[in-house]
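Undergrad: Next comes the sequence, and after it the predicted model I'd like to discuss.
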Amino acid sequence: MRSNSTLVAVALGVLLLAGVPMLLSQGLVNAAIQMLIAALFASAYNVLCGQAGMLSFGHAAYFGIGAFGTVHAMNALGGTGLLPTPLMPLAGAVSGLAIGAVAGWFATKRTGTYFAMITLAIAELLHALAPHLKGLFGGEAGVSAMRMPAMGLNFGSTTQVYYLTLAWVLASLALLYFYTVTPAGRLALGLRENGHRLRFLGYHVHGLSVLVFSISAMFSGIAGALQVINNEAANYVVFDASLSASVVLNTYIGGVKVFLGPALGASLMTFFGYAVSDLTQSWLLYQGILFVLVMMFMPEGLAGLLGLAAREQRRLGLARFAPVLLACVAASVLLAAGTTFVVELLQRMFSQDYRALASANAAAPWPPITLLGHAWLPAAAVTWLVPAGLLAGGGVLLLAVRRRLQPAQAESEPAAHAPAPLVQSPGGAA
Amino acid sequence: MNADPILTLRGVRKAFGATEIIRGVDLDLQPQERHALIGPNGAGKSTVFHLVSGHYTPSAGEIALAGRRIEGRGPQAINRMGLARSFQITNIFPGLTVFENLRLAVMRPRGLQYCLWKRIGRDPAIRRETERLLEQVRLQHRAATLAGEMSYSEQRSLEIAMTLASDPKVILLDEPMAGMSREETAYTSDLIRTVTRGRALLIVEHDMQVVFALSDRISVLVYGQVIATGTPSEIRANPAVKEAYLGEEVAA
């Protein structure tokens, strides 16, 4: 019954994804490609981090290796012969796997903090080395390649690239899911829980860790390959630590305990990045706020939040749950609006342009700031009362929701799951 | 003393820096015997277990399992040669279900480690064996519970089941009854008696009633040396043991 409904949901999701190019504009289809790639990268990362408990701080290395492996394969083979353009990500998979196996062999000699430091060092090593190896990584300019026509497709349109990306991402996710139900995939969970015990059960823990690391690196390589096919170029910037960091953030924001959690987190964050980065200069700040809120109040991430909402709905019934949900959403929107208002206002107030403007006429009061089509005077009370009102409204709503949920909890049997995360649902980045 | 011992320790020493914890231990474990290792706190009982199971490498001496030297080998190699152990501090996979805990223990002896092509849920042999072990330690009703959420004694039962999964010839149990109530101790004692039938058991335990009721033979470890080995009645009568360790506990 339950697996049937899961199957239906997955089928619907795939259909929806397949319909994207027909429903959305070119620009959004391009964003969708980025989202798919980020989703695959985060899922590959979660094989290591969420499932096997190995926190890597340098996963950009394998993404980048996959990207460069593919760009060179595209140039060398010209999209013909044994490796036509649609199969190009295999080059990324092989290079990711090969480098991942070597790096993993060293990194998994240690666990915990030391493991994280080694992965960080390997990625930084590549990042520092890449600009100097011009032949391999193309220096500042990077390496470019052309998507050659193959199998009767010319890969000239965004739509064709989208379908190519979608096919690879779906196939990879299916394989990664299958991996979780194989003996090796189950052992990875044991590795996370208690690697020490595994040794005394007769397992070769280092070998197992290298295997898990390599699988993760291989699928990261595929994600890198898909990005190269989309961009028709690769640059050593791909090794930057910010990519390693964002995959960690995306994975945790999505939720490491649920298979599709990281994919959800990565696609949402990529989409927000796409939608918001033109509107604000503070996108990184919002991303950071969101991450901190998730870590503090719902360590199981957005996927955990969805699961919690589903459980509460079953427990309370739709009639009692709907108002609570609405109030939560409204509170999140109010708090998010208040926060963004303050951040944007302050960001403009502290910008160099504005400082220059203000000091040019030091005697006069500070000039107004235009935000949302309205000119706000920094010295006027109303300017600060608006966000204060928004924040207060959100806070009061949250308290009300909390009050409504708490008695319900006391009457239910010892609740296995704390309800606090639902109440604290953040919407900081909206 | 008739058959060849399954596990022998000869002149085993272990030093940490300048401190010698184990100072020349000789010990024989016969096949199918229940052998207890007792001694005051700090005598080195757990260290002996760590040496035998491959957690530590001895500084000197020989350890042989079924005639093959094992000192200096890794825990996974020793486990594959037929020795399994439990730990003084419960050592399970707390975030996984009880069933999953046992299944991980069951997979290894059936050669499943680097297997990426089959669904573990579809393996009837693994499922049957896991269920058989669950039943043996009476945890069937707990199969879907997270191991970390069970009571202490249930976790200890799970540990015993995990040590049994590789069908070992030698089992080492490190204080399996520590922290248990009277009933739990009696229950676990029965359980150990049943499940170790046909295997050699080396057990460290502080509960002297259990030790004397359960063991065929007892070795007494004091300051890193075995001062006596014998049947429970011999040990009870041994003046050196009385002086060194047992005192009124046995007399009472």
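TA: Thanks, I have it.

Undergrad: okay, CA-based contacts and neighbour counts for the rest of this
TA: Will do.

Undergrad: Report the secondary structure state of the closest residue to chain A within the stretch 51-200 of chain B.
TA: Distances between the stretch 51-200 of chain B and chain A by C-alpha to the nearest C-alpha are smallest at residue B:76, namely 3.7 Å. Here residue B:76 is helix, with the state taken from DSSP: H, G, I helix; E, B strand; the rest coil.

Undergrad: distance of it from residue B:29?
TA: Noted for residue B:76: a distance of 21 Å to residue B:29, by C-alpha to C-alpha, to the nearest Å.

Undergrad: for residue 160, what are its contacts?
TA: This is for chain A. Contacts for residue A:160 were tallied using C-alpha atoms under 8 Å, 6 or more residues apart in numbering or on different chains; they are residue A:153.

Undergrad: Please refer instead to chain B.
TA: Taking C-alpha under 8 Å, 6+ apart, we find residue B:160 in contact with B:86, B:137, B:173, B:192.

Undergrad: Tell me where chain B is predicted with low confidence.
TA: B:1-3, B:245-252 (pLDDT under 70).

Undergrad: Which residues of it lie near chain A?
TA: When proximity is defined as C-alpha under 8 Å from any C-alpha of the partner chain, chain B approaches chain A at B:53, B:75-80, B:84-85, B:91-96, B:101, B:104-105, B:107-108, B:112-121, B:162-163, B:166.

Undergrad: Only whichever of these are buried, select them in ChimeraX.
TA: To isolate the buried subset of the residues of chain B next to chain A in ChimeraX, counting by 16 or more other C-alpha atoms under 10 Å in any protein chain shown, use the following:
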select /B:53,75,76,77,78,79,80,84,85,91,92,93,94,95,96,101,104,105,107,108,112,113,114,116,119,120,162,163,166
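
Undergrad: Cross the residues of chain B next to chain A against helices and list the overlap.
TA: Counting by DSSP state H, the residues of chain B next to chain A place B:53, B:75-80, B:101, B:104-105, B:107, B:162-163 in helices.

Undergrad: tell me which parts of chain A are close to chain B?
TA: Residues of chain A lying near chain B by C-alpha under 8 Å from any C-alpha: A:178-179, A:181-187, A:189-190, A:193-194, A:197, A:199-204, A:208, A:211.

Undergrad: redo that, cut-off 6 Å
TA: A:181, A:182, A:183, A:184, A:193, A:194, A:199, A:200, A:202, A:203 (C-alpha under 6 Å from any C-alpha of the partner chain).

Undergrad: Now for the residues you listed: which two are most distant?
TA: The most widely separated members of these, counting by C-alpha to C-alpha, are A:181 and A:200 (22.7 Å).

Undergrad: out of the two, which sits in the more crowded spot?
TA: When residue A:181 is set against residue A:200 and neighbours are counted by other C-alpha atoms under 10 Å in any protein chain shown, the residue ahead is residue A:200, at 28 against 18.

Undergrad: related to what we said a few turns ago, using the three-state scheme, assign the closest residue to the residue of the stretch 51-200 of chain B closest to chain A other than its chain neighbours.
TA: Distance criterion C-alpha to C-alpha, 6 or more residues apart in numbering or on different chains; nearest residue to residue B:76, sequence neighbours excluded, is residue A:202 at 3.7 Å. Following three-state DSSP, residue A:202 is assigned to coil.

Undergrad: I'd guessed residue A:202 sits against residue B:79; true?
TA: Yes - using C-alpha atoms under 6 Å, residue A:202 is in contact with residue B:79, at 5.0 Å.

Undergrad: tally of neighbours for residue 42?
TA: Going with chain A. Counted with other C-alpha under 10 Å, residues neighbouring residue A:42 total 34.

Undergrad: You answered for a different chain; I wanted chain B.
TA: Around residue B:42 there are 13 residues (other C-alpha under 10 Å).

Undergrad: ok, now residue A:371?
TA: As a burial measure, residue A:371 scores 12 neighbours (other C-alpha under 10 Å).

Undergrad: What's the local residue count around the nearest residue to it once chain neighbours are set aside?
TA: Nearest in space to residue A:371, with sequence neighbours left out and distances taken as C-alpha to C-alpha, 6+ apart, is residue A:345 at 7.5 Å. Neighbour count of residue A:345, defined by other C-alpha under 10 Å: 19.

Undergrad: Secondary structure element holding residue A:345?
TA: For residue A:345, the enclosing helix or strand under DSSP states H and E is helix A:318-349.

Undergrad: Does that helix pack against any helices or strands, and if so which?
TA: Judged by 3 or more C-alpha pairs under 6 Å, 6 or more residues apart in numbering or on different chains; DSSP states H and E, helix A:318-349 is in contact with helix A:381-411.

Undergrad: Three-state assignment for the residue of the stretch 251-400 of chain A found nearest chain B, please.
TA: Residue nearest to chain B within the stretch 251-400 of chain A (C-alpha to the nearest C-alpha): residue A:257, separated by 11.1 Å. Of the three states, residue A:257 takes coil under three-state DSSP.

Undergrad: and the gap between it and residue A:50?
TA: The spacing between residue A:257 and residue A:50, counted by C-alpha to C-alpha, is 7 Å.

Undergrad: Also residue A:129?
TA: Distance, residue A:129 to residue A:50, by C-alpha to C-alpha: 29 Å.

Undergrad: Looking at these two, which is more packed in?
TA: Taking other C-alpha under 10 Å, residue A:129 and residue A:50 do not tie; residue A:50 has more neighbours (23 against 13).

Undergrad: isn't that one right up against residue A:258?
TA: No - Residue A:50 is beyond contact range of residue A:258, at 8.9 Å (criterion: C-alpha under 6 Å).

Undergrad: thinking again about what came up before, list residues touching both of residue A:257 and residue A:50?
TA: Counting by C-alpha atoms under 6 Å, 6 or more residues apart in numbering or on different chains, residue A:257 and residue A:50 have no contacts in common.

Undergrad: and the residue of the stretch 251-400 of chain A closest to chain B, how many neighbours does it have?
TA: For residue A:257, the number of neighbouring residues by other C-alpha under 10 Å comes to 18.

Undergrad: Repeat that for residue A:269.
TA: Residue A:269 has 23 neighbours, counted by other C-alpha under 10 Å.

Undergrad: For the residue nearest to residue A:182 when sequence neighbours are not counted, give me phi and psi.
TA: Distance criterion C-alpha to C-alpha, 6+ apart; nearest residue to residue A:182, sequence neighbours excluded, is residue B:119 at 4.7 Å. The phi/psi pair for residue B:119 (degrees, to the nearest 10) reads phi -80, psi 120.

Undergrad: What is the burial count for residue 176?
TA: Unless you meant another one, I'm taking chain A. Per other C-alpha under 10 Å, the neighbour tally for residue A:176 reads 21.

Undergrad: my bad, chain B
TA: Using other C-alpha under 10 Å, residue B:176 has 26 other residues around it.

Undergrad: Would you agree it falls within a strand?
TA: No - under three-state DSSP, residue B:176 falls outside any strand and is assigned coil.

Undergrad: same question for the helix or strand containing residue A:208, mean pLDDT?
TA: Here residue A:208, judged by DSSP H and E, is contained in helix A:205-231. Averaging pLDDT along helix A:205-231 yields 95.

Undergrad: Would you check that residue B:94 makes contact with residue B:148?
TA: Yes - the pair residue B:94 / residue B:148 is scored as a contact, 3.9 Å apart, by C-alpha under 6 Å.

Undergrad: Which parts of chain A are strands?
TA: A:143-144, A:233-234, A:369-371, A:374-376 (DSSP state E).

Undergrad: Ranking those by mean neighbour count, which comes first?
TA: The highest mean neighbour count among the strands of chain A, using mean count of other C-alpha atoms under 10 Å in any protein chain shown, belongs to strand A:233-234: a mean of 23.

Undergrad: per-domain residue ranges of chain B.
TA: B:1-82+B:168-252, B:88-159 (automatic domain parsing).

Undergrad: Can you lay out the ones you listed as TSV showing distance to residue A:271?
TA: Listed next are these as TSV, based on distance: least, C-alpha to C-alpha, whole Å:
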stretch	distance to residue A:271
domain B:1-82+B:168-252	47
domain B:88-159	33
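
Undergrad: Go through these and name the closest to residue A:359.
TA: Residue A:359 lies closest, by C-alpha to C-alpha, to one member of the domains of chain B: domain B:88-159, at 59.6 Å.
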